[in-house]
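Q: After the sequence you'll find the predicted model.
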Amino acid sequence: MPPLPAFLRPLRSLFSLALVLLLAVGLSGCVTTGLPLAAASPWQAVPLDTRSNPLDVGFSSRDHGFLVGSNRLIMETADGGASWENRQLDLPEDENFRLISIDFHGDEGWIVGQPGLLLHSDDAGRSWSRLLLDTKLPGEPYLVTALGPKSAELATNVGAIYRTADAGTSWQALVGDAAGAVRDLRRSPDGDYVSVSSLGNFFATWEPGESAWQPHQRVSSQRLQSMGFQPDGHLWMVARGAQLRFDGDPSAATESVGSGDWSKPVIPITNGYGYLDMAWDPRGAIWTGGGNGTLLVSSDGGASWRKDPVGSEQPTNFSRIVFSPDGKGFVLGERGVLLRWVG
């Protein structure tokens, strides 16, 4: 092809620029790179005297509770989480425990951690006793749920589930075959469990009375990050690529998988950071959090989203969003970042 005359070359540059602008406008209807900032935030940043990562919170009463995390982190509050003080556990100094899960039923509390840690308290956490775990326990402790006087459930990072009715003296296995190595595992208030495989390539569900976990293929090619239970008992999932999905939504276009019908993917914002957790606040709004201070809220079931202004100011990755039945809420971030729900 002969070269363009010199007087036409500027027109070619203008045409190329116009084509780029046209493509950008067309793609903007498919990809969201920005979200409006909410006018106000229901969260309050709580200063913590630590750089460890908070991983879970548990309360023995409305005002008194504990925060646990990496590097043996345990902190105590007496004002509902508005302030926290460091506590010490009587553990070997040469072991760097990661305290993963804590739960209370009244004054009776439980903590599990890694490697191989199980603690029990019957005096609202004033003292903790370490319980020895069977050396044949499949996997490492991952999740503990206080059920009542001397009663609790313990789940491991390979999906083994045990129950005690004598304050941890003995444990009964509830599931015959473990789910395999997991990256995330949650329990519903009704005792159902969902786990995400360590590679994120499938998930599994278990209900009380079943002899084994039921595996399910992931919904799309995106690997799963985390899963949990909606307030109505249906599942939610977070996948890589900043995708959220909801199970049991009859109004959405769905595709059938093992445990139910899943909505099409919801992608609130494509800012290069994924989401790590999802939760519903006491007013019914949906929250999701993830990398680089990403904390988003939807008040219309996921149809539209806004950025939280307090979350956006935090130089951290948000890993957990926790709401308790009595209305308390916390967002847990890396390097000692904690947000408290003030409504």
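A: It's in. Numbering: from 1, shown residues only.
Q: tell me the centre residue of the chain?
A: Centroid-nearest residue in the chain, with Cα atoms, centre = their mean: Asp277, separated by 3.4 Å.
Q: Enumerate the beta-bridge partners assigned to that one.
A: Gly289 (DSSP bridges).
Q: confidence score at the closest residue to Thr77 other than its chain neighbours?
A: Using Cβ to Cβ, 6 or more residues apart in numbering and skipping the chain neighbours, the partner closest in space to Thr77 is Trp84 (5.0 Å). Just so you know, the C-beta spots here come from the backbone N, C-alpha and C atoms, and that holds for glycine as well. Note on Trp84: pLDDT of 98.
Q: quick thing: my sequence starts at 10, can you match it?
A: Will do, 10 is the new start, and the previous item becomes Trp93.
Q: picking up where we left off before, make sure the residue nearest to the centre of the chain is actually in contact with Gly298.
A: Yes: with contacts counted by Cβ atoms under 8 Å, Asp286 reaches Gly298, the gap being 5.7 Å.
Q: Now the common contact residues for these two.
A: Listed as contacting both Asp286 and Gly298 by Cβ atoms under 8 Å, 6 or more residues apart in numbering are 327-328, 330.
Q: Helix or strand next in line after the helix or strand bottoming out on mean pLDDT in the chain, which one?
A: Sorting the helices and strands of the chain by mean pLDDT, DSSP states H and E puts strand 263-266 at the bottom, at a mean of 39. Counting by DSSP states H and E, the next helix or strand C-terminal to strand 263-266 is strand 269-272.
Q: So which elements touch that next one?
A: Packing partners of strand 269-272 (3 or more Cβ pairs under 8 Å, 6 or more residues apart in numbering; DSSP states H and E): strand 252-255, strand 263-266.
Q: Could you give the separation of it from the chain centroid?
A: On the basis of Cα atoms, centre = their mean, to the nearest Å, strand 269-272 sits 20 Å off its chain's mean C-alpha point.
Q: What's the mean pLDDT across that strand?
A: The pLDDT scores in strand 269-272 average 83.
Q: Ok, stretch 283-294 next?
A: In this model, stretch 283-294 has an average pLDDT of 96.
Q: Number of residues surrounding Lys316?
A: 20 (other Cβ atoms under 10 Å).
Q: my guess is it contacts Ser50, does it?
A: No: in this structure, Lys316 is not within contact of Ser50 by Cβ under 8 Å, at 9.7 Å.
Q: give the contact list for the closest residue to Gln223 other than its chain neighbours.
A: Of all residues not flanking Gln223 in the chain, Thr214 sits nearest, at 5.2 Å (Cβ to Cβ, 6+ apart). Counting by Cβ under 8 Å, 6+ apart, Thr214 makes contact with 201-204, 222-223, 225, 244, 267-268.
Q: These into TSV, with extra columns for secondary structure?
A: Converted to TSV, the contacts of Thr214 look like this (DSSP: H, G, I helix; E, B strand; the rest coil):
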residue	secondary structure
Asp201	coil
Tyr202	strand
Val203	strand
Ser204	strand
Trp222	coil
Gln223	strand
His225	strand
Leu244	strand
Gly267	coil
Ser268	coil
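Q: in stretch 281-296, what counts as buried?
A: 283-290, 295-296 (16 or more other Cβ atoms under 10 Å).
Q: distance of the residue nearest to the centre of the chain from Ile111?
A: Here Asp286 is placed at a distance of 17 Å from Ile111 (Cβ to Cβ, to the nearest Å).
Q: cool, and Ala54?
A: 22 Å.
Q: Which one of those two is surrounded by more residues?
A: Ile111 (26 against 16).
Q: I'd guessed the more buried one sits against Val153; true?
A: Yes: contact criterion Cβ under 8 Å: Ile111 and Val153 qualify, at 7.3 Å.
Q: what is in contact with the two at once?
A: By Cβ under 8 Å, 6+ apart, the residues touching both Ile111 and Val153 are 119-120.
Q: Residue ranges in the stretch 210-352 of the chain under the pLDDT threshold?
A: 258-269 (pLDDT under 70).
Q: would you list every one of the strands in it?
A: 211-215, 223-226, 233-238, 244-248, 252-255, 263-266, 269-272, 284-289, 295-299, 304-307, 315-316, 327-332, 338-342, 346-350 (DSSP state E, counting those that start in this stretch).
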